[in-house]
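*Asks:* coordinates for the following, if possible.
(one chain, ligands or ions: 1)
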Amino acid sequence: MMTNLNLSADPQGSPVRLIDPLLSVERLNKRYRDGDPLAVEDVNFTLGNGEILALLGPSGCGKTTTLRMIAGFETPDGGEILLHGKRVTQLPPQQRRIGIVFQDYALFPHMSLGENVAFAMRHIAKAKRPAKAREWLDLVGLADLSARMPDELSGGQQQRVALARTLAAEPELVLLDEPFSNLDAALRESTRKEVRRLFKAAGTSVILVTHDQAEALSFADQVGVMHSGRLLQMDRPECIYQTPATSFVAEFLGHTNLLEGEADGEIAQTALGPVAINHHHQGPVRLSLRPEHLSLSAAPDDHGATIVEREFRGHDCYYLLEHHGQRFCAITPSHTLWKIGEQVRLEPQRTATVLRD
Ligand SMILES: Nc1ncnc2c1ncn2[C@@H]1O[C@H](COP(=O)(O)OP(=O)(O)OP(=O)(O)O)[C@@H](O)[C@H]1O
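*Replies:* Residues are numbered from 1 along each chain as shown. Purely as a prediction, here's the structure:
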């Protein structure tokens with residue numbers, strides 16, 4: 001079989017990906033009402049078999065609308081959705097073989113866990129469903145509770161049943177809309193790990209919608225950052241974090257220093273002195289430099305940066321510094337600690353990323 005060459009969605013032009021896409025989203029547009037701004041504008045991306053994508057962005061940026069169009073609950077005003085290269089844009093949800101897990105789990109309250117899961121298995125003979133349901137519940141570690149009712153479970157357990165029910169339908173693609181947000185912090189992390197393991201074991205493709213950057217970076221193979229209806233950048237977690245395309249992406253993914261500079265080739269002059277940059281460039285540039293890429297050392301004289309705030313965080317320490325009237329943040333290992341008011345030398349240890357805007 002021939003493998004298609006698919007360009008990823010990164011408008012910056014990220015590398016060519018050799019993946020036969022399960023899902024292609026092409027120039028998707030949605031406006032809910034005349035006069036409203038576009039809720040989703042010109043969104044393009046592809047998703048490979050078994051790949052996990054996180055759509056990340058602030059409230060109202062169009063994540064859920066994108067997901068609902070892929071599921072078939074909303075009709076796009078423009079663009080196409082393709083599954084295995086076949087257009088499904090106008091197909092009703094039940095004809096798309098897509099599973100969906102919402103924030104509120106939506107288990108049937110009058111059915112036991114086993115019945116909830118068996119309900120999803122319309123593709124299997126009725127007599128075989130209870131045993132198969134037990135297998136799916138076993139996979140999420142809840143087979144022993146198969147006879148229980150949903151209201152006899154914790155939030156995390158209900159979430160796992162909802163996932164077992166979704167997996168039981170054997171969808172090719174699962175859409176998760178903030179599925180962990182009702183769980184407390186500790187349970188959220190463990191459930192997330194477990195769920196990722198389950199999807200990877202089943203080879204299921206997944207799109208997760210979240211506004212939590214740590215969740216997106218740890219759960220997904222690809223992260224797409226959305227803002228005002230547009231997909232600004234999509235790339236592997238480590239790439240999107242290390243080389244954000246815009247200042248919005250840089251700031252949404254964590255603390256960063258935005259620096260103005262004057263580039264001459266691979267070096268830019270900035271308020272921190274000369275800084276190596278990741279693109280050959282001439283003229284004015286805006287740069288992103290992560291706080292963990294700055295080092296602090298003893299200043300030989302009084303010309304260093306001044307520490308104005310310090311937040312001890314156990315394994316590391318977050319500092320806010322002032323240098324020539326500008327503020328910078330730095331995160332350094334906590335084996336060496338600096339005091340508020342101390343003068344230090346502030347030096348970039350890694351190349352800064354040139355931003356598009
Ligand atoms: N049914 C609707 N009718 C009218 N406008 C809507 C509707 N649903 C969403 N919108 C608008 O579309 C835009 C995108 O909303 P959407 O729910 O997709 O964002 P989101 O990124 O998922 O936000 P959140 O994280 O808060 O769920 C918002 O401006 C929202 O107000």
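*Asks:* what's the end-to-end length of stretch 295-307?
*Replies:* Stretch 295-307 has an end-to-end distance of 13 Å (Cα to Cα, to the nearest Å).
*Asks:* for it, the distance to its chain's centre please.
*Replies:* Averaging C-alpha positions (Cα atoms, centre = their mean, to the nearest Å) puts stretch 295-307 37 Å from its chain's average.
*Asks:* what comes into contact with that stretch?
*Replies:* Residues outside stretch 295-307 that contact it (Cβ atoms under 8 Å, 6 or more residues apart in numbering) are 319-323, 328, 330, 332, 336, 338-347, 349. All C-beta atoms are positioned from the backbone trio N, CA, C, and that covers glycine.
*Asks:* which parts of that stretch are buried?
*Replies:* Buried residues in stretch 295-307, counted by 16 or more other Cβ atoms under 10 Å: 296, 304, 305, 306, 307.
*Asks:* list the ones among those that fall in helices.
*Replies:* Within the buried residues of stretch 295-307, no residue falls in helices by DSSP state H.
*Asks:* from these, which are also near the ligand?
*Replies:* Among those, proximity to the ligand is found for none (Cβ under 6 Å from any ligand atom).
*Asks:* show me which residues of the protein sit near the ligand.
*Replies:* Residues of the chain lying near the ligand by Cβ under 6 Å from any ligand atom: 32, 39, 57, 59, 60, 61, 62, 63, 64, 65, 211.
*Asks:* do that again at 5 Å, thanks
*Replies:* Within reach of the ligand by Cβ under 5 Å from any ligand atom, the chain has these residues: 32, 39, 59, 60, 61, 62, 63, 64, 65.
*Asks:* among these, which pair sits farthest apart?
*Replies:* Comparing every pair within the residues of the chain next to the ligand by Cβ to Cβ identifies 32 and 59 as the most remote, at 15.6 Å.
*Asks:* between the two, which one's more packed in?
*Replies:* More neighbours surround residue 32 than the other of residue 32 and residue 59, with 12 against 7 (other Cβ atoms under 10 Å).
*Asks:* hmm, back to that, the contacts of stretch 295-307, buried ones only, as a ChimeraX selection?
*Replies:* This is how ChimeraX selects the buried members of these, with burial counted by 16+ other Cβ under 10 Å:
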select :319,320,321,323,328,330,332,338,342,343,344,346
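*Asks:* now the residues of the chain next to the ligand: which count as buried?
*Replies:* Members of the residues of the chain next to the ligand classed as buried by 16+ other Cβ under 10 Å are 39, 61, 62, 63, 64, 65.
*Asks:* need the contact list for the second one.
*Replies:* Listed by Cβ under 8 Å, 6+ apart, the contact partners of residue 61 are 226, 227, 228, 229.
*Asks:* what is the neighbour count of the closest residue to the first one other than its chain neighbours?
*Replies:* Yep, that's residue 226 we're talking about. Nearest non-adjacent residue to residue 226, counting by Cβ to Cβ, 6 or more residues apart in numbering: residue 57, 3.6 Å away. With neighbours defined by other Cβ under 10 Å, the count for residue 57 comes to 26.
*Asks:* also residue 134?
*Replies:* 18.
*Asks:* and residue 349, how far is that from residue 207?
*Replies:* 35 Å (Cβ to Cβ, to the nearest Å).
*Asks:* next: residue 69.
*Replies:* Separation of residue 69 from residue 207 (Cβ to Cβ): 11 Å.
*Asks:* those two: which has the busier surroundings?
*Replies:* Each of residue 69 and residue 207 had its neighbours counted (other Cβ under 10 Å), and the higher figure belongs to residue 207 (28 against 24).
*Asks:* isn't the more buried one up against residue 53?
*Replies:* Yes: Residue 207 lies in contact with residue 53 (Cβ atoms under 8 Å); the separation is 5.0 Å.
*Asks:* can you list residues touching both of the two?
*Replies:* Taking Cβ under 8 Å, 6+ apart as the criterion, residue 207 and residue 53 both touch residue 47.
*Asks:* so where do the strands sit in the stretch 101-250 of the chain?
*Replies:* Counting by DSSP state E, counting those that start in this stretch, one finds strands in the stretch 101-250 of the chain at the ranges 173-177, 205-210, 222-227, 230-235.
*Asks:* and the residue of the stretch 101-250 of the chain nearest the ligand?
*Replies:* Residue of the stretch 101-250 of the chain nearest the ligand, by Cβ to the nearest ligand atom: residue 211 (5.2 Å).
*Asks:* sec struct for residue 37, please.
*Replies:* Following DSSP: H, G, I helix; E, B strand; the rest coil, residue 37 is assigned to coil.
*Asks:* check contacts around it.
*Replies:* Contacts for residue 37 (Cβ under 8 Å, 6+ apart) come out as 31, 228, 229.
*Asks:* where does the stretch 1-150 of the chain dip in pLDDT?
*Replies:* Applying pLDDT under 70 to the stretch 1-150 of the chain picks out residues 1-20, 104-105.
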